[in-house]
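Q: sequence below, structure please.
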Amino acid sequence: MSPQHAHDEVIKAVRLCWNNEHDKAKTIIETKKDSHPRYAVEWAFVFMVRDMLHANSKSKEEVMEMFQAADKLAQSQRSGKGRVILEGDPMHEHAKNSLWGDFTSIFAHKNKKTPAELEAMRWKLECDVIYADCLLIRSITQLRGNQYVKGAINIRLAWGHYQSLIKVLAHKGGEVPTYISDNIKFGVGMFYIFLTLVPSGLMKVLSVIGFVRDSELGEQYLQEVFRNGGVRAPISALVLLTYYLFLPVGLGDVSVTLQKAKLLLDKCNEIYPNNSYFHGYSNFYHRKKGETGEALRSIDAAISNAARPPMLLRYLRADTLFMAMKWREAVEAYGILWEEISKGKLEFEYSGQLVMTLAASHMMLGNKGKAGELMRLVPSATNQKSKQDANSPKFAKKCVQEPRLLALSGFYCLYINRDMAHMKHEDLVSLEAQLDTFNREYAVQEVPETTAMSLLFRGVMQKGSGRVDDARKTWSALIKLKQLHKDSPSLPYGHYELGELEYRQGNLKAAKKLLDHGATLNVESDTLANRYNRAISLLDKEIRRRK
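A: Numbering: from 1, shown residues only. Okay, here's the model as predicted:
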């Protein structure tokens, strides 16, 4: 079977998979998954797409084994050994004459290539791409799961293969069919975008072994792959949406990335009307616009389209209720999820954060006793295998040590999720009134750290409701607070917020001073560290441009 024929067949499965028709997709692929590398890798992708929304480590491990099986099959068949070649396949005559060789030697042949030689070249490229794709997916999963040694080894191997493959496109692109070149560009594009999203600490390690970021080229490649509509089109869209909706824009214009996201979301929801992923990402898009009603409708569509509603989508629905300040509904939604996890001893990547936000929801309703009880559970509820859940126990322990901090837990969750920064004016006015009430009732301003955190949140509300001068005064008061410990987590956040505000007001010198100093403070969050890195990079470029 030629690579072209295999792609033509598996593309049907890919489209079914992203439209939540996983059983139909598996039927197309299953019979050839053990003998053909393209079917093997798409088999792994079907399960990856099906299981990603369930956010548990066990299913990830099983999917990674499928990718490993696919890359072994690709390696074993790259030379043609073990490949089943049927009559009518252009490779049939080529195989009989034993003309297999490295595809670079075929490229070097200056005379016109025979159909069999071209097919041999394409088959070897196909196997190389599959091998590289499997390595990349496995390495990203390993790095996200804190398996840094394995992840670094595999990502370096993957990048070596992609570098070779992209050189082939550069020199002989006209001889490489789109269904293969798209797969190469997907891998390279995803690689570049992944490097843009990794935590700054990990990026320093990767930089030492030769990796560089090129987000513009990565975006260009992935957009091209999506437009061509091949097997990697839907996942290219998903990677781009992750880039547009979750990459800290720093000092950039968020409206630009949101517009790019909307174009993709509209197209994907049209192509895959019964999907869960793109409706789920639409939820994030609307939350970043402050449109909680639309965000709830999007996440409800994502949940209703899934045959077995994934816990991650239900968790995002609870988060949306929390952003909409529907505290009682949020308590119910988070509570149902936590009961399922705790009673069923289920694994969920965000279990610690879920319990923390459940506690915060109770606190916003004034149920301080219940909030404290739940906050004490957070460290034991945290998923130790999940990097995404790492900060929850830190904040929870501080709340247990300082009860006045517990009063601010709801505001903290809205801030950390970046929902507070995108809330509508009327919601911010209501939220600030509740902050005033809690400051009075729980003596928040009697302790330096809780005072600082209260000022941090108030500044965000003031800025979001158009009171820029008030926000500047509030954040200035925060960073000048006496008796505030030098390792206070509020200080780097305060410096960042004030630095960004000064930049947007055209005060580049003040912004530079604030951001450079803030980056040297105790930045506990990878997300904040990435925001600092991106903001300082953009600021330095702007300063050079104006000279």
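Q: residue ranges with poor pLDDT in the stretch 301-450 of the chain?
A: Within the stretch 301-450 of the chain, the set of residues satisfying pLDDT under 70 is empty.
Q: at 80 instead, please
A: The stretch 301-450 of the chain contains residues with pLDDT under 80 at 385-388.
Q: after the helix or strand residue 500 falls within comes which helix or strand?
A: Assessed by DSSP states H and E, residue 500 sits inside helix 490-504. Moving toward the C-terminus from helix 490-504, the next helix or strand (DSSP H and E) is helix 508-518.
Q: state the mean pLDDT of that following helix.
A: Mean pLDDT, helix 508-518: 96.
Q: quick check: buried residues in that helix?
A: Buried residues in helix 508-518, counted by 16 or more other CB atoms under 10 Å: 508, 510-512, 514-515, 518. From N, CA and C alone the C-beta is placed, and that goes for glycine too.
Q: distance from the chain centre to that helix, please.
A: Centroid separation between helix 508-518 and its chain, computed with CA atoms, centre = their mean, to the nearest Å, is 28 Å.
Q: now that helix and helix 490-504, what's the angle there?
A: 160 degrees (axes from the mean of the first three to the mean of the last three CA atoms, to 10 degrees).
Q: okay, and the residue positioned nearest the centre of the chain sits in which element?
A: Nearest residue to the geometric centre of the chain (CA atoms, centre = their mean): residue 242, 4.9 Å. Taking DSSP H and E as the definition, one finds residue 242 inside helix 233-246.
Q: if we look at the next helix or strand after that helix, which residues are touching it?
A: With elements assigned by DSSP H and E, the helix or strand that comes after helix 233-246 is helix 254-271. Identification of contacts with helix 254-271 by CB atoms under 8 Å, 6 or more residues apart in numbering yields 15, 226, 234, 237, 240-241, 244-245, 247, 249, 275, 278-279, 281-282, 285, 288-289.
Q: go through the helix or strand containing residue 126 and flag the buried ones.
A: Applying DSSP H and E as the criterion places residue 126 in helix 115-144. By 16+ other CB under 10 Å, the buried positions in helix 115-144 come out as 116-144.
Q: and what of stretch 289-309?
A: Using 16+ other CB under 10 Å as the test for burial, stretch 289-309 gives 289-292, 294-299, 301-303, 305-306, 309.
Q: next one: stretch 34-49
A: 36-49.
Q: ok, so of the residues you listed, who is nearest residue 195?
A: The shortest approach to residue 195 among the buried residues of stretch 34-49 belongs to residue 48, at 20.4 Å (CB to CB).
Q: now the closest one: closest residue in space that isn't a chain neighbour?
A: residue 63 (4.9 Å; CB to CB, 6 or more residues apart in numbering).
Q: quick one: the one you found and residue 51 touch, right?
A: Yes: shown here, residue 63 and residue 51 form a contact pair, counting by CB atoms under 8 Å, at 6.1 Å.
Q: a markdown table for the buried residues of helix 508-518, including distance to residue 479?
A: Formatted as a markdown table, the buried residues of helix 508-518 follow (distance: CB to CB, whole Å):
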| residue | distance to residue 479 |
| --- | --- |
| 508 | 18 |
| 510 | 12 |
| 511 | 14 |
| 512 | 15 |
| 514 | 8 |
| 515 | 12 |
| 518 | 9 |
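Q: tell me the one of these nearest residue 341?
A: Distance to residue 341, by CB to CB, is smallest for residue 518 among those, at 36.3 Å.
Q: can you pull the contacts of the residue lying closest to the closest one once chain neighbours are set aside?
A: Nearest residue to residue 518, sequence neighbours excluded (CB to CB, 6+ apart): residue 495, at 2.8 Å. The neighbourhood of residue 495, defined by CB under 8 Å, 6+ apart, consists of 479, 514-515, 517-518, 521.
Q: do the same with residue 15
A: 234, 271-272.
Q: among the buried residues of stretch 34-49, name the ones in helices.
A: 37-49 (DSSP state H).
Q: before we move on, back to that, of residue 63 and residue 51, who's got more company?
A: Shown here are residue 63 and residue 51; by other CB atoms under 10 Å, residue 63 has more neighbours (23 against 17).
Q: what's the offset of the helix or strand harbouring the more buried one from the middle of its chain?
A: Residue 63 belongs to helix 57-77 when elements are defined using DSSP H and E. Centroid separation for helix 57-77 versus its chain: 22 Å, with CA atoms, centre = their mean.
Q: about what we covered before: contact partners for the residue nearest to residue 48?
A: When contacts are counted by CB under 8 Å, 6+ apart, residue 63 touches 44, 47-48, 51.
Q: got it, and residue 13?
A: Per CB under 8 Å, 6+ apart, neighbours of residue 13: 24-26, 28-29, 42, 46.
Q: now for those, which pair is the farthest apart?
A: Farthest-apart pair in the contacts of residue 13 is 24 and 42; separation 13.3 Å (CB to CB).
Q: distance between stretch 499-518 and the chain's centre?
A: Remark: stretch 499-518 is offset 28 Å from the chain centroid, using CA atoms, centre = their mean.
Q: show the end-to-end separation of that stretch, please.
A: 9 Å (CA to CA, to the nearest Å).
Q: can you list contacts of it?
A: The contact list for stretch 499-518 (CB under 8 Å, 6+ apart) reads 250-251, 463, 468, 471-472, 475, 491-492, 494-496, 498, 532, 535-536, 539, 542-543, 546.
Q: having no further points to raise, I will conclude here.
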